[in-house]
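Based on what follows, work out the 3D shape:
(chains A, B, C and D)
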Protein chains: 2
Amino acid sequence: MDRTDISLIALRRILRATELYGRELAQAAGLTAVQFRVLQVVSERGNCTATEISQRMGVSQATVTSLVDKLVRQGMVERQRSEKDRRQTHIVKTEKGRAALARAPDALQQRYVRKFEALEDWEQSMLVASLERVASMLDAEDIDASPVLDTGDFTTSAG
Amino acid sequence: MDRTDISLIALRRILRATELYGRELAQAAGLTAVQFRVLQVVSERGNCTATEISQRMGVSQATVTSLVDKLVRQGMVERQRSEKDRRQTHIVKTEKGRAALARAPDALQQRYVRKFEALEDWEQSMLVASLERVASMLDAEDIDASPVLDTGDFTTSAG
DNA sequence: CTATTTTGCTTCGACTATCTAAGTAACATC
DNA sequence: GATGTTACTTAGATAGTCGAAGCAAAATAG
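Alright, predicted model coming up:
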């Protein structure tokens, strides 16, 4: 097996680890993976609109509406009509939402961070360079990613 | 921003690129991402049982049954009762299933492979070492991954 | 060699996620 | 102030998912 295949296998392992992790993460918070991801996005932004969420997650506005409905019903977030542009709705996390995020055992990310930070300086540099290289090879340039390791639910393309 | 964050962002870009890619891939084959993943698993194994598929995909047997039902209805796979153990059902791809897989434009993987193979020897080595390192940091050791770059649908944990 | 347990799969019922299309309200423009 | 655009919601449809319950075949116990 050549190096290309080996690298693909390693990539796939990474994807799979994060996939399975995403599910556990959400379950522990009492949410589904996708709902949890919405909560994360809201939390990162502090305050964001449905459109922002839909763009970041790569789903339609309608889907965001339904996800936010569920989070509202569970008291995790609130809708607030924007004062500046009354078409917009700001989604903000509640105290309960904040707690759910805090409670989520981000075991995978923590393990990763711990191990990463234990590496030698040169190895950290190598990993950063390699990951960025791979990311650009996959042509993910546009992506406005944040340092939250979560699959964002690599989900079913139903509909 | 420190290197840990930078590496997490790069990872997230990688995840997101493959996620979006997985959807396109499946759509081009006229299937959903999850159905496509089942077809891939069947194809890799040549011939496999529902339990094997459910384990590899990390979903329940019930889910596999419903997915296989859909693929059977579309003529992509067939069920064959095992001779050795008549409880088991082997899922095998049909000619149509094989064609669907072949037709899928694995653009992302091809781009990756092309770029990877264009790299200098030392850089290939570095990437392989780094990816394997990251995979092991995420503790994905058990995973029996194959060199198919696809998210396997990082899906919704509903239910 | 029957009775019991385990295994492999399917069925059932319920829920989430997702989409498109259509609807409503607010802003923008001319 | 009519027309268009933007932001979001609603409605209706389909896919994916699970747990529990069912059924048939194999394995195990006595």
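
near DNA strand C at all, the top helix by length along chain A?
The residue-count maximum for a helix in chain A (DSSP state H) belongs to helix A:3-28. No. If you take C-beta under 7 Å from any atom of the strand as the test, helix A:3-28 misses DNA strand C, and the best it gets is 7.9 Å. C-betas here are computed from N, CA, C, even on glycine.

so that helix versus helix B:3-28, what angle?
Counting by axes from the mean of the first three to the mean of the last three C-alpha atoms, to 10 degrees, helix A:3-28 points 100 degrees away from the direction of helix B:3-28.

And helix A:3-28, what's buried?
A:4, A:6-26 (16 or more other C-beta atoms under 10 Å in any protein chain shown).

could you pull out the strands for chain A?
For chain A, the strands defined by DSSP state E occupy A:48-49, A:77-81, A:89-93.

Neighbouring strands - and their directions - for the shortest one?
Under the criterion DSSP bridges, strand A:48-49 sits next to strand A:89-93 (antiparallel) in its sheet.

residues contacting A:Val134?
By C-beta atoms under 8 Å, 6 or more residues apart in numbering or on different chains, the contact list for A:Val134 reads A:11, B:10, B:14, B:112, B:127, B:131.

again, only this time at 10 Å
Applying C-beta atoms under 10 Å, 6 or more residues apart in numbering or on different chains to A:Val134 gives the contacts A:7, A:10-11, A:14, A:140, B:10-11, B:13-14, B:17, B:112, B:115-116, B:127, B:130-131, B:134.

ok, and which of the buried residues of helix A:3-28 reach chain B?
A:4, A:6-26 (C-beta under 10 Å from any C-beta of the partner chain).

Test for you: state the pLDDT assigned to A:Ala10.
pLDDT for A:Ala10: 80.

A:Val92 too?
96.

quick one: it from A:Ala118, how far?
37 Å (C-beta to C-beta, to the nearest Å).

So those two - more neighbours on which side?
Just comparing A:Val92 and A:Ala118: by other C-beta atoms under 10 Å in any protein chain shown the higher neighbour count belongs to A:Val92, 16 against 10.

quick one: contacts for that one?
Contact partners of A:Val92, counting by C-beta under 10 Å, 6+ apart, are A:42-43, A:45-48, A:77-80.

Could you list which of those also contact DNA strand C?
When C-beta under 7 Å from any atom of the strand is applied, no member of the contacts of A:Val92 is adjacent to DNA strand C.

Just give me the least confident of the residues you listed.
A:Asn47 (81).

Near that residue, how many other residues are there?
13.

same thing with A:Gln61?
13.

just checking, it touches A:Ser54?
Yes. A:Gln61 is within contact range of A:Ser54, at 4.9 Å (criterion: C-beta atoms under 10 Å).

and A:Lys96, what does it touch?
Residues in contact with A:Lys96 (C-beta under 10 Å, 6+ apart) are A:71, A:74-77.
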